[in-house]
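Q: please find the sequence and the predicted model below.
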Amino acid sequence: MATDPKKDLIRILQNAHAGEVAAAYAYRGHWKSLKDSPEKTRIREIEAEEWDHRRRVGEWLEKLNAKPRPLREKVFWTIGRTLGATCFLSGWFMPMYFAGRLESQNSLEYEDAAAFAYELEMHDCVEDLLDMARVEIEHEVFFHETVAGHRLLPIMSRVFGWS
Ligand SMILES: [Fe+2]
Ligand SMILES: [Fe+2]
C-alpha cells in the first residue's frame with residue numbers, strides 16, 4: 001500500500017489540534033477545582049502550554065494548506081468542557097490519572113508526526129513537533145509523580161495500562 005506522508009501528517013495534526021482543545025479545557029476545569037497549591041499552579045501552566053501547542057499545530061496545518069476538521073473540533077471542545085466540569089465531582093485521583101495516560105499518548109502522537117515531517121523534509125516542523133513531544137513528556141512526568149504511591153494506582157494501571 002502506497003503511503004502518503006503529507007496526508008498522514010495532516011491527519012495527525014488535525015487530531016492533535018482537536019485533542020489540544022479538549023486537553024486545555026479539561027485542565028482549566030481541573031486547576032479551578034483545586035485549592036491553591038503548587039499542583040494548581042502547575043496545571044494552570046500546563047493549560048497554557050496546550051493552547052500554545054494548538055496554535056503551533058494550527059500554523060503547520062496552514063502551511064500544509066490544510067484546516068482543522070470542524071466536526072472533530074466540536075466533539076473535542078465538548079469533551080474538554082465536560083471533563084473540565086466533572087473535575088469538580090470526580091475526586092482527585094481520576095483526573096490526574098487519566099491526564100497522565102493521555103499525555104503519554106500525546107507525546108507518541110507528536111513523535112509520529114515528526115517522523116512524517118522528516119519524510120517530507122520539513123525540518124523546522126520536525127523540530128517544533130519534537131519540542132511539543134518533549135513538553136508532553138514533561139506533563140506526563142508531572143502527573144506520574146503526582147499519582148505515585150496512591151492506593152488506586154496499582155489497580156488502575158492493571159486495567160488501563162499506564163503508571
Ligand atoms: Fe499539548
Ligand atoms: Fe500535555
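A: Cool, the structure landed. Ligands and ions are numbered 1, 2, ... in the order given.
Q: helices of the chain, residue ranges please.
A: Applying DSSP state H to the chain gives helices spanning 5-33, 38-63, 70-86, 93-119, 123-147, 153-160.
Q: export these as TSV, with columns for mean neighbour count and mean pLDDT.
A: Glycine gets a C-beta too; all of them are placed from N, C-alpha and C. Listed next are those as TSV, based on neighbours: other CB atoms under 10 Å; pLDDT from 0 to 100:
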stretch	mean neighbour count	mean pLDDT
helix 5-33	21	95
helix 38-63	17	97
helix 70-86	16	92
helix 93-119	19	92
helix 123-147	18	95
helix 153-160	12	90
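Q: looking at these, spot the one closest to ligand 2.
A: helix 123-147 (3.8 Å; CB to the ion).
Q: how about the residues of this structure by ligand 1?
A: Residues of the chain that fall close to ligand 1, judged by CB under 5 Å from the ion: 50, 53.
Q: one step back: make JSON lines out of the helices of the chain and add distance to ligand 2.
A: Shown next, in JSON lines, are the helices of the chain (distance: least, CB to the ion, whole Å):
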{"stretch": "helix 5-33", "distance to ligand 2": "6"}
{"stretch": "helix 38-63", "distance to ligand 2": "5"}
{"stretch": "helix 70-86", "distance to ligand 2": "12"}
{"stretch": "helix 93-119", "distance to ligand 2": "5"}
{"stretch": "helix 123-147", "distance to ligand 2": "4"}
{"stretch": "helix 153-160", "distance to ligand 2": "18"}
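Q: what sits against Leu34?
A: If a contact means CB atoms under 8 Å, 6 or more residues apart in numbering, then Leu34 has 40, 43 as its contacts.
Q: what's the distance between it and Pro95?
A: 10 Å (CB to CB, to the nearest Å).
Q: same question, Gly149
A: To Pro95, Gly149 is 17 Å away according to CB to CB.
Q: gap between stretch 87-100 and the chain center?
A: Its chain's C-alpha centre and that of stretch 87-100 lie 15 Å apart, by CA atoms, centre = their mean, to the nearest Å.
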